[in-house]
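Undergrad: 3D model of this:
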Amino acid sequence: MIHWLSTVLRRPAFRADPRLHGRRGVTRTQNSQFLSFLHDSGFRRVNPDHYERALRRRRTAMAVFTWAAVAGFAWVVIESAQALSMF
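TA: Sure, this is the predicted structure:
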């Protein structure tokens, strides 16, 4: 009874499918044929120019957000200093 209870408690709550971890049924030839099929069919073809443009836009947006946050923080500090100097 104790042995059974210890094995039940040690068992992981979520068991992954063992087929996900092994590549038993796939050979290099099958994989290369599948990849060449995907390449010839144009599956998920990505234009690098669009990707680079998206990265540049994200970088620019992040820089604008950073500068706005720094400017807002500086404004709060300056206004607080002016308010303290009035008292």
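Undergrad: pLDDT weak spots in the chain?
TA: Applying pLDDT under 70 to the chain flags residues 1, 8, 11-30, 46.
Undergrad: let me see the ranges of the helices in the chain.
TA: Ranges of helices in the chain, per DSSP state H, are 2-10, 28-41, 48-86.
Undergrad: okay if I get these as a markdown table plus mean neighbour count?
TA: Every C-beta, even on glycine, is put in place using the N, C-alpha and C of the backbone. Formatted as a markdown table, the helices of the chain follow (neighbours: other CB atoms under 10 Å):
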| stretch | mean neighbour count |
| --- | --- |
| helix 2-10 | 8 |
| helix 28-41 | 10 |
| helix 48-86 | 10 |
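Undergrad: next one: residue 49 from residue 55, what distance?
TA: Separation of residue 49 from residue 55 (CB to CB, to the nearest Å) stands at 11 Å.
Undergrad: got it, and residue 64?
TA: For residue 64, the distance to residue 55 - CB to CB - is 15 Å.
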